[in-house]
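A.B. asks: Sharing a model prediction with you, sequence too.
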Amino acid sequence: MKQPSTSEEHGDRATLLCVPFAGAGPSFFHPWQKEAADRWRVTSVELPGRERRILEAPYRNVVEAARNEIDRIAADLGDGARTVLFGHSLGAVLAYELTHLLSARGVHVGLLVVSGSPGPWTQRERRAAGLPDEEFLARVEEFAGFRHEALDHPEMRELILPTLQADCEMHENYVPGTDARVTVPICSLRGDSDGLVSAEEARQWRDATTGAFSYAEFPGDHMYLVDLGREVLDVIEAESARAEALERRVSGVAGA
């Protein structure tokens, strides 16, 4: 008997693949699964050093992380399913690398949504990597605009801190794996009071694609998405529908 592919198992819904920010894991996006139940199959990248993979050594290089995880991710997405990628901060540049790799494999990536990130060729001027623990945490708190309460518990801090440090290191040292631009549309999102990423930097993503580009802002700072999941999903849905309509028009013209 033929086994159903992943795309058949999940019906006709497109997949929203979420790529977490530094220190975060898939559980951050669990509320999104309920919000998007009728619109998307929401799945997340789970990197070493967190949640179910907490005992594994975390990555320190974005390109290496993408290349090592691509088989696992592609298997979850299955064949033929339309996929939208969303990544915030560190997740944005990792999603960009994954978009290159998935497209090369023939996975149908319809849209890349990047959040809280300058363009992939711009490195952050102010850094946290390499600082002593307390200075590092203070700098990360400054960047994010809040401090995770788990860091105030010694046992949890011992588990979380090495992964957070590794994530910051690979984000701040990120260099794209290729100079080629992606061919899928990119939508860049930003909190309107983000002190870490300027509007100009967030719009640099227009140069990372040969396709369409759009930009939207939300009220809030760098971590605006903590409280605005539904609103972010609404924008993703609208931009995905726009990208899909454009794709149909282009295909129609090409086939005429």
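C.D. replies: Now that the structure is in, tell me what you want to look at. Just so it is clear, the structure is predicted and the values come from calculations on it, not from any experiment.
A.B. asks: Contacts only, for Q165.
C.D. replies: Shown in contact with Q165 (CB atoms under 8 Å, 6 or more residues apart in numbering): 129, 136. Where you see a C-beta, it was placed from the backbone N, CA and C, and this is true even at glycine.
A.B. asks: just E201 next, same as before
C.D. replies: Counting by CB under 8 Å, 6+ apart, the residues that E201 touches are 117-119, 122.
A.B. asks: what residue ranges in the chain score low on pLDDT?
C.D. replies: Residues of the chain meeting the criterion pLDDT under 70: 1-12, 144-150, 251-256.
A.B. asks: Go through this protein and flag its longest helix.
C.D. replies: Longest helix in the chain, counting residues (DSSP state H): helix 229-255.
A.B. asks: Report the backbone C-alpha coordinates of stretch 158-171 in PDB.
C.D. replies: Below are the C-alpha coordinates for stretch 158-171, written out as PDB (Å, rounded to 0.1, in the frame of the first residue of the first chain):
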ATOM      1  CA  GLU A 158      22.700  26.800  33.500                       C
ATOM      2  CA  LEU A 159      20.800  25.100  30.800                       C
ATOM      3  CA  ILE A 160      19.700  28.100  28.800                       C
ATOM      4  CA  LEU A 161      22.800  30.400  28.900                       C
ATOM      5  CA  PRO A 162      25.200  28.300  26.700                       C
ATOM      6  CA  THR A 163      22.600  28.000  23.900                       C
ATOM      7  CA  LEU A 164      21.800  31.600  24.100                       C
ATOM      8  CA  GLN A 165      25.500  32.500  23.900                       C
ATOM      9  CA  ALA A 166      26.000  30.200  20.900                       C
ATOM     10  CA  ASP A 167      22.900  31.600  19.200                       C
ATOM     11  CA  CYS A 168      24.200  35.200  19.600                       C
ATOM     12  CA  GLU A 169      27.600  34.100  18.300                       C
ATOM     13  CA  MET A 170      26.300  32.600  15.200                       C
ATOM     14  CA  HIS A 171      23.900  35.500  14.500                       C
END
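A.B. asks: Please point out which parts of it sit buried.
C.D. replies: Applying a neighbour-count criterion of 16 or more other CB atoms under 10 Å, the buried positions in stretch 158-171 are 160-161, 163-171.
A.B. asks: just the strands in the stretch 1-150 of the chain please.
C.D. replies: The residue ranges that make up the strands of the stretch 1-150 of the chain, judged by DSSP state E, counting those that start in this stretch, are 14-19, 40-44, 83-88, 109-115.
A.B. asks: Let's see the longest one as PDB, backbone CA atoms only.
C.D. replies: What follows is strand 109-115 as a C-alpha-only set of coordinates in PDB (Å, rounded to 0.1, in the frame of the first residue of the first chain):
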ATOM      1  CA  VAL A 109       8.500  28.100  -1.100                       C
ATOM      2  CA  GLY A 110       5.900  30.700  -1.900                       C
ATOM      3  CA  LEU A 111       7.000  33.500   0.500                       C
ATOM      4  CA  LEU A 112       9.800  34.300   2.900                       C
ATOM      5  CA  VAL A 113       8.800  36.500   5.900                       C
ATOM      6  CA  VAL A 114      11.700  38.000   7.800                       C
ATOM      7  CA  SER A 115      11.200  39.900  11.000                       C
END
